[in-house]
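Chemist: have a look; sequence and predicted model below, questions after that.
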Amino acid sequence: MKTTENINNIVIAGGSSGIGLALVQKLDAGKKSIINLSRSACPVAGVKNIITDLSDPDEIGAAFARIDRIDALVYCAGTSLAAPVEYTATEDYRKLFEVNLLGAAECVKLAMPKLRASGDGRIVLLASSGGVAPIAFDAFYSASKAALITFAEALNLETQSVHATAVVIGGTKTRFSFKRKIYTDCGDYDKDLKAAADSLIKMEQTGYNVNRVADGIIKVLASDAPPPAVTIGIKNKARLLAYKILPSCARRAVLRSVYGIK
């Protein structure tokens, strides 16, 4: 595997847990400047923590004002909820977009001058297979991840000195599964909602190891010419390719089956 030897100043948004933490653990904080932006501190020795609410642009701005050099920005922060669109509270889906999409956009905007100054900057946005094949009763999460995939591709049109890549992951075993807000008392939706939420947790908890995903991110960071989107895992690639070539009616039937919706 290629190394990140020449990438010495790395900002990781959401590096205190899950995939972000696994990535920090694989990077050498003793030889690199690694800065974690999150509401909780990253426990890895040598990492500089800037406690930041990534849903708050003012806090993000204050954090980036404290950072001098950036060779790479990795945005791993995210949140999810299982709910019918009809029943989802406005504050819940606004918060989701603020963390998953708007926080990423704000970090990219503020990091870009420093990334361009590095001469060969890298941006990695943690996306999801749900941004390609939507997750049942997780419409807002799916939409936010689809937006990140397009956002990364659009960024590459703006400058040749910074490479942006959306890393598309499938189900990955982390505590993220158990932090998801799951709605109840949603009338006729309840049975299908529970089936979909349970199916999603099973997919995640029997899915990829965080270290495999972290290795995929490192490979992107080390690439001389990373593409705008990278899908982690052969099975995940095959599933998404099959989904893309299916007609729309078949796509709907397949996804309803996957998520246990009768």
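Modeler: Alright, I've got the coordinates. Numbers count the residues shown, from 1 in each chain.
Chemist: going forward, measure contacts between C-alpha atoms and count neighbours the same way
Modeler: Fine.
Chemist: what are the ranges of the helices in the chain?
Modeler: 18-26, 57-64, 90-97, 103-118, 139-155, 190-205, 210-222, 234-245, 248-258 (DSSP state H).
Chemist: how about those in JSON lines, adding mean pLDDT?
Modeler: Below are the helices of the chain laid out as JSON lines (pLDDT from 0 to 100):
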{"stretch": "helix 18-26", "mean pLDDT": "96"}
{"stretch": "helix 57-64", "mean pLDDT": "98"}
{"stretch": "helix 90-97", "mean pLDDT": "98"}
{"stretch": "helix 103-118", "mean pLDDT": "97"}
{"stretch": "helix 139-155", "mean pLDDT": "98"}
{"stretch": "helix 190-205", "mean pLDDT": "97"}
{"stretch": "helix 210-222", "mean pLDDT": "96"}
{"stretch": "helix 234-245", "mean pLDDT": "94"}
{"stretch": "helix 248-258", "mean pLDDT": "95"}
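Chemist: could I get those in CSV, plus columns for distance to residue 128?
Modeler: As requested, these are exported to CSV (distance: least, Cα to Cα, whole Å):
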stretch, distance to residue 128
helix 18-26, 12
helix 57-64, 23
helix 90-97, 14
helix 103-118, 14
helix 139-155, 6
helix 190-205, 12
helix 210-222, 12
helix 234-245, 10
helix 248-258, 15
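Chemist: who are the contact partners of the closest residue to residue 230 other than its chain neighbours?
Modeler: Closest residue to residue 230 apart from its sequence neighbours, by Cα to Cα, 6 or more residues apart in numbering: residue 167 at 4.9 Å. Counting by Cα atoms under 8 Å, 6 or more residues apart in numbering, residue 167 touches 124-128, 217, 229-232.
Chemist: so residue 205 touches residue 176, yeah?
Modeler: No. Using Cα atoms under 8 Å, residue 205 makes no contact with residue 176, being 9.7 Å away.
Chemist: dump the helices of the chain to CSV, plus mean neighbour count and distance to residue 78.
Modeler: Formatted as CSV, the helices of the chain follow (neighbours: other Cα atoms under 10 Å; distance: least, Cα to Cα, whole Å):
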stretch, mean neighbour count, distance to residue 78
helix 18-26, 21, 10
helix 57-64, 17, 15
helix 90-97, 15, 8
helix 103-118, 19, 9
helix 139-155, 21, 9
helix 190-205, 18, 15
helix 210-222, 21, 15
helix 234-245, 13, 20
helix 248-258, 14, 23
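Chemist: out of those helices, which comes closest to residue 42?
Modeler: The closest of the helices of the chain to residue 42 is helix 18-26. By Cα to Cα, the value is 7.0 Å.
Chemist: what are the contacting residues of stretch 88-104?
Modeler: 54-57, 60, 75, 77-80, 125, 140-141, 144-145, 147-148.
Chemist: mind doing that once more with 7 Å?
Modeler: Outside stretch 88-104, the residues within contact range by Cα atoms under 7 Å, 6 or more residues apart in numbering are 54-55, 75, 77-80, 140, 144, 148.
Chemist: for residue 28, state which of these is nearest.
Modeler: Out of those, the member with the shortest distance to residue 28 (by Cα to Cα) is residue 75, at 18.3 Å.
Chemist: distance of the residue nearest to residue 230 relative to residue 6?
Modeler: In this structure, residue 167 and residue 6 are 21 Å apart, going by Cα to Cα, to the nearest Å.
Chemist: could you do residue 123 as well?
Modeler: Residue 123 is 15 Å from residue 6, by Cα to Cα.
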